[in-house]
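[1] take this sequence and fold it.
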Amino acid sequence: MTGATVIDHPLVQHKLTHMRMKDTSTQGFRRLLREISVLLTYEVTRDLPITAMEIETPLEPMAAPVIEGKKLVFASVLRAGNGLLEGMLELVPAARVAHIGLYRDPKTLQPVEYYFKAPEDLGERLVIVVDPMLATANSAIAAVQRLKDRGATNIRFLCLLAAPEGIAKFNEAHPDVPIFTAAIDARLNEKGYIMPGLGDAGDRMYGTK
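    Residues are numbered from 1 along each chain as shown. So this is what the prediction gives:
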């Protein structure tokens, strides 16, 4: 689907299938989410700019590749985004972290913000927004706009699952922000949940379903 990159690595798809299973335990779901987030991070950062620095190996000096520019910012949409965040920080432990607290009003399906904290120099960093589900896209759109309002200009959105309706709405609101996802599912149901999906990611991760 236009506007979204599907990360179809076999390990990603295998782990996602086990996350979808309704009998997967809270512990298992949390472990799989952490594992899959490392793989997703690998793909979403594939084209980071590289520069060379002079180092010395035990044998001789060399010009070795390192990531160019300031450290990344991972922006977690609370609460479910933190499940992805843990694995991402394992791979990029020096990344800065932003937290955006949003919940979806069950009647209007519109996002309500209750918390925001981010590094000051967002405009100088690549910001990767993380939330397991891109369903109605209302929360994702609000989160990205909040970051833009704080100066972010280089933003990517990373999720586990996306619905076609959410992708279309997100692209309309933020055509400059690429989406990376492990799968694009069939549709949204009348309550705004992704179908066939995997249920509520936050509830399954924290055992609150």
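
[2] for Thr41, see how far away the residue nearest the centre of the chain is.
    Computing the C-alpha centroid of the chain and ranking residues by CA atoms, centre = their mean puts Val130 first, at 2.4 Å. Computed as CB to CB, to the nearest Å, the Val130 to Thr41 distance reads 9 Å. From N, CA and C alone the C-beta is placed, and that goes for glycine too.

[3] next one: Ala94
    Plainly put, Ala94 is 13 Å away from Thr41 if you go by CB to CB.

[4] the two: which is more packed in?
    Each of Ala94 and Thr41 had its neighbours counted (other CB atoms under 10 Å), and the higher figure belongs to Thr41 (25 against 8).

[5] I'd like the next helix or strand past whichever strand or helix holds Glu172.
    When secondary structure is defined by DSSP states H and E, Glu172 falls within helix 164-173. Sequence-wise, the next helix or strand downstream of helix 164-173 (DSSP H and E) is strand 179-184.

[6] now that next one against helix 164-173, angle please.
    Counting by axes from the mean of the first three to the mean of the last three CA atoms, to 10 degrees, strand 179-184 points 170 degrees away from the direction of helix 164-173.

[7] which neighbouring elements make contact with strand 179-184?
    Under the contact definition 3 or more CB pairs under 8 Å, 6 or more residues apart in numbering; DSSP states H and E, strand 179-184 sits against strand 4-6, helix 10-20, helix 26-44, strand 154-162, helix 164-173.

[8] partner strands of it and their direction?
    strand 4-6 (parallel), strand 154-162 (parallel) (DSSP bridges).

[9] helix 26-44 and the last one, what's the angle between them?
    Pointing back at strand 154-162 there. Between strand 154-162 and helix 26-44, the angle comes out at 140 degrees (the same axes, to 10 degrees).

[10] what lies in contact with strand 154-162?
    With contact meaning CB atoms under 8 Å, 6 or more residues apart in numbering, strand 154-162 is reached by 4, 16, 19, 33, 36, 40-41, 44, 84, 125-134, 140, 144, 147-148, 170, 174, 176-185, 194, 197-198, 201.

[11] separate out the buried members of those.
    Among those, those buried by neighbour count (16 or more other CB atoms under 10 Å) are 4, 16, 19, 33, 36, 40-41, 44, 84, 125-134, 140, 144, 147-148, 170, 174, 177, 179-185, 194, 197-198, 201.

[12] what bits of this structure have low per-residue confidence?
    Judged against pLDDT under 70, the low-scoring parts of the chain cover residues 1-2, 109, 209.

[13] tally up the residues packed near Pro10, please.
    Applying other CB under 10 Å, we find 7 residues neighbouring Pro10.

[14] what of Lys22?
    If you count neighbours by other CB under 10 Å, Lys22 ends up with 7.

[15] verify the stated contact: it with Gly197.
    No: Lys22 lies out of contact with Gly197 (CB atoms under 8 Å); the separation is 10.7 Å.
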